[in-house]
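**Q** just to be clear, the model below is a prediction. Sequence and coordinates:
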Amino acid sequence: AVFTLASVLCAQSTSLAELTATRLLQGIGGALMVPVGRLVVLRRAEKSDIIRVIAYLTWPALVAPVVAPALGGAIVTYASWRWIFLVNVPLGLVALLVASRVVPDVRADRPAGLDWQGFLLTGLGLGLIVYGLELIEGGTVPWALAGACVGVGSVVIWRAAGHLQRRVHPLLDLAILRIPTFRAASVGGSLFRLAIGAAPFLLPLQFQDGFGWSPLRSGLLVVSLFVGNIAIKPFTTRILRRFGFRAVLGTSAAAAGATLAACAAFTAHTPLTVIVVVLAASGVFRSTGFTAYNTIVFADVPPGDMSSANTLSSTVQQVTMGVSVTIGALVLHAGTWLERAAGSSGTGSAPFAVAFAVLALVAGSASVEALLLPREAGSSLAASS
């Protein structure tokens, strides 16, 4: 209801300030829907069904990047930008009606009060860090302000972590990170998402600014990345059951890093067939990695801690995916600096090669956390169909 109402208000906005405020409200609605919806599903699913359930839950996240750009472009071209928000209204009303009939009214027997101090410290710290990183995306970067925001935000998060560890009912239960599979999915999964999430941002820039290709040609090439995502999806459950989580996680991270390294080697003269194959392969490993990380994160979490684990996992995922584009901009800036330091102009495709090389290392490093897992990690999920 909050998301649908906010969508209407977004469409009615008459200024940037109004649009920003209503988008904030829309984000609050979305943030409430995703973790709560997943928690309802996880609580009712058997262990042996979680792989299949998570596979279904990740379908929208893989399909949306394919459909949304084309749909948004068509709306802006043939209608008004306001319809980008108005199309959410009928979808939201249908979802509200279905949820009221299907989702059970499950409540905690004795819910703990909100950890206001943890809420304020965590929100302020993450807000400052994300804002500081967002400042880096622009052309002219206010480095002093960006550095101050990230620095102060990091101190606040450090204070928040201490508070969360001491409180009996914290906003985020950090003790769950002691579970090896949860920690691997949170730490290794964050590295994986940071690298993979930056790729769709950098690829169109590489093709257009680095190679001088048209937006249409660049967009069609990037679609092959998401085609790989969707093509492998029907087989991910069987792959996880056949090879196990440790092998799939390690292979996905290492192979995703290898495909990003291949992107670093792209030039304007690289055959289009080679680019399509590399991007499709990257999409395949992106899909298997996301499904494996999103599934194993709850493999060994006790039922009583599922709500806390879901909250912490959702927070980590949203933050890492949210700043992945900023990380992409940051490594692109780094590539430009290195090229200029080497006596080059810092323009063209060279900075992109540096950026993709750095992202390849980040993605590949996620395999280390996966290989530290025991061989039987997640076996309770993959044991039976």
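**A** Sure thing, it's come through. Residues are numbered from 1 along each chain as shown.

**Q** use CA for all of it now, contacts and neighbours both
**A** Will do.

**Q** ok, residue 222 to residue 285 distance?
**A** As for residue 222, its distance to residue 285 is 15 Å (criterion: C-alpha to C-alpha, to the nearest Å).

**Q** so those two - more neighbours on which side?
**A** Each of residue 222 and residue 285 had its neighbours counted (other C-alpha atoms under 10 Å), and the higher figure belongs to residue 285 (25 against 22).

**Q** my guess is the more buried one contacts residue 254. True?
**A** No: using C-alpha atoms under 8 Å, residue 285 makes no contact with residue 254, being 9.1 Å away.

**Q** run the chain-centre distance for stretch 154-162.
**A** With C-alpha atoms, centre = their mean, to the nearest Å as the basis, stretch 154-162 stands 23 Å off its chain's centre.

**Q** CA-only coordinates of it in PDB, if you can.
**A** The C-alpha trace of stretch 154-162 is given here as PDB (Å, rounded to 0.1, in the frame of the first residue of the first chain):
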ATOM      1  CA  SER A 154      32.500   4.600   9.200                       C
ATOM      2  CA  VAL A 155      33.100   5.800  12.800                       C
ATOM      3  CA  VAL A 156      29.300   5.800  13.300                       C
ATOM      4  CA  ILE A 157      29.000   2.300  12.000                       C
ATOM      5  CA  TRP A 158      31.800   1.200  14.300                       C
ATOM      6  CA  ARG A 159      29.900   2.600  17.200                       C
ATOM      7  CA  ALA A 160      26.700   1.000  16.000                       C
ATOM      8  CA  ALA A 161      28.400  -2.400  15.800                       C
ATOM      9  CA  GLY A 162      29.500  -2.100  19.400                       C
END
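
**Q** buried ones in it?
**A** 154, 156, 157, 160, 161 (16 or more other C-alpha atoms under 10 Å).

**Q** could the residues you listed go into CSV alongside distance to residue 84 and secondary structure?
**A** Formatted as CSV, the buried residues of stretch 154-162 follow (distance: C-alpha to C-alpha, whole Å; DSSP: H, G, I helix; E, B strand; the rest coil):
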residue, distance to residue 84, secondary structure
154, 36, helix
156, 36, helix
157, 35, helix
160, 37, helix
161, 39, helix
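
**Q** relative to residue 340, which of these is nearest.
**A** Minimum distance to residue 340 across those is 30.3 Å, recorded for residue 154 (C-alpha to C-alpha).

**Q** quick one: contacts for the closest one?
**A** 125, 129 (C-alpha atoms under 8 Å, 6 or more residues apart in numbering).

**Q** try it again with 10 Å
**A** Residues near residue 154 by C-alpha atoms under 10 Å, 6 or more residues apart in numbering: 124, 125, 126, 128, 129, 148, 160.

**Q** what subset of these is buried?
**A** Among the contacts of residue 154, the ones that count as buried by 16+ other C-alpha under 10 Å are 124, 125, 126, 128, 129, 160.
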